[in-house]
Structures are given as C-alpha cells and as structure tokens.
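*Asks:* After the sequence you'll find the predicted model.
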Amino acid sequence: MLTLAATGTLAKGNWLGTMTLSGIAAVMFLALFLGVTGSDTIKINTKERITVWALLTGSMCLAAGGNWVDVITGLGSIPSSVVAQSGLPAFGPAAVGACLVLLAIGRNYKRKWIHAMYALMASGFLVEAGGIGAVVLNAARLSIGHLGAHG
C-alpha cells in the first residue's frame, strides 16, 4: 500500500502543505516577476493584470511582516518624498494610493515593470488609508494565513 499524504492532512483541507505568509509573499513576488518579464506560462502581462497582481502582492507582503514590510514601505517612501519636496500640501494616503494606481493603469509603458512598481508603491498607501486596502490586507491575513497554517 502506497500512502501519498498523511492521513489527516488532506482531510483537514491542507492541500498546499504548510506555507507561511512570508512564503506566500515570496511565491507571489516571483510570479509577478516572471509574468512581467515575459513568462510563457504565467500570464501577468497586461497593465491591468500587472496592477491587480502587484496590489495583491504588496498587501501580502504587508501581511507577512518582517523584511517584506521594509520592501513595500521602502518603495512607498519614493512618492512620499516627492510630494514632500514639491511643496504641495499633504495628499493623504488614499489620494497618493489612488494617484499611483492611475499611473499604473493610465498609460501603456514599454517596460511592464513600471506598472508593477507603481502598484507595489500604491499597495502600502491603500492599506494605510484603511477602506478597501485594509479589507484586502485583513482578508489575506485571515484566509491565506489560515490556509497555510493547517497542520
């Protein structure tokens, strides 16, 4: 008799095996990178797909914590410093996030990674602003964290 999985593992709904939020963030980042750079199998290749995937990846990075948060907040410091140095009044995180999303989907850049960078920057602002960004972050923490934590 051949056993492919532990008896209770699949019955508990643990189809992926144990995966942490940090592991999920790494998988999502790699999929984003491969999709943007022209993978034959990973179809994250339009500005809309890239933007949505990067927003979700950024939210997952924030949910994972640790160094992943540093990546997203580091990217987010770029538009913050641009706005601060411009002399304009404070926009608020929701407005900065919305502007970055518009930059990500508003035009078709020759280099697809530009869409991803704008959306990754926006994810931190949208989560900070609350509203739907915070809902996505909390949903990621609860559902995907629960999915990977079965054991």
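*Replies:* That came through fine.

*Asks:* measure Val127 to Leu30 for me?
*Replies:* For Val127, the distance to Leu30 (C-beta to C-beta, to the nearest Å) stands at 21 Å. For every residue, glycine as well, the C-beta is placed using N, CA and C.

*Asks:* again with Trp113
*Replies:* Distance from Trp113 to Leu30, by C-beta to C-beta: 14 Å.

*Asks:* returning to what we had before: in terms of packing, which of Val127 and Leu30 has more residues around it?
*Replies:* Taking other C-beta atoms under 10 Å, Val127 and Leu30 do not tie; Val127 has more neighbours (27 against 12).

*Asks:* got the contact list for the more buried one?
*Replies:* When the contact criterion is C-beta atoms under 8 Å, 6 or more residues apart in numbering, the partners of Val127 are Gly58, Ser59, Leu62, Gly133, Ala134, Val136, Leu137.

*Asks:* ok, the residue lying closest to the first one once chain neighbours are set aside - contacts?
*Replies:* This points to Gly58. Distances taken as C-beta to C-beta, 6 or more residues apart in numbering place Ser123 nearest to Gly58, at 2.6 Å, with adjacent residues excluded. Ser123 makes contacts with Ala54, Leu55, Leu56, Thr57, Gly58, Ser59, Cys61, Leu62, Ile72, Gly97, Gly133, as judged by C-beta under 8 Å, 6+ apart.

*Asks:* and if we set it to 6 Å?
*Replies:* Applying C-beta atoms under 6 Å, 6 or more residues apart in numbering to Ser123 gives the contacts Leu55, Gly58, Ser59.

*Asks:* Lowest pLDDT pick from those residues?
*Replies:* Within the contacts of Ser123, pLDDT reaches its minimum at Ser59, with 87.

*Asks:* got the CA coordinates for the longest helix along the chain in PDB?
*Replies:* Using DSSP state H, we find that the single longest helix of the chain is helix 67-86. Extracted in PDB, the C-alpha atoms of helix 67-86 (Å, rounded to 0.1, in the frame of the first residue of the first chain):
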ATOM      1  CA  ASN A  67      11.600  42.300   5.700                       C
ATOM      2  CA  TRP A  68       8.600  42.200   3.300                       C
ATOM      3  CA  VAL A  69       7.200  45.300   5.000                       C
ATOM      4  CA  ASP A  70      10.500  47.000   4.500                       C
ATOM      5  CA  VAL A  71      10.300  46.400   0.800                       C
ATOM      6  CA  ILE A  72       6.900  47.900   0.400                       C
ATOM      7  CA  THR A  73       7.500  50.900   2.800                       C
ATOM      8  CA  GLY A  74      10.800  51.500   1.100                       C
ATOM      9  CA  LEU A  75       9.100  51.700  -2.300                       C
ATOM     10  CA  GLY A  76       6.400  53.900  -0.700                       C
ATOM     11  CA  SER A  77       9.000  56.300   0.500                       C
ATOM     12  CA  ILE A  78       9.700  57.400  -3.100                       C
ATOM     13  CA  PRO A  79       6.300  59.100  -3.800                       C
ATOM     14  CA  SER A  80       6.100  60.400  -0.200                       C
ATOM     15  CA  SER A  81       9.400  62.200  -0.500                       C
ATOM     16  CA  VAL A  82       8.500  63.600  -4.000                       C
ATOM     17  CA  VAL A  83       5.200  65.000  -2.600                       C
ATOM     18  CA  ALA A  84       7.000  66.400   0.500                       C
ATOM     19  CA  GLN A  85       9.800  68.000  -1.600                       C
ATOM     20  CA  SER A  86       7.300  69.500  -4.100                       C
END
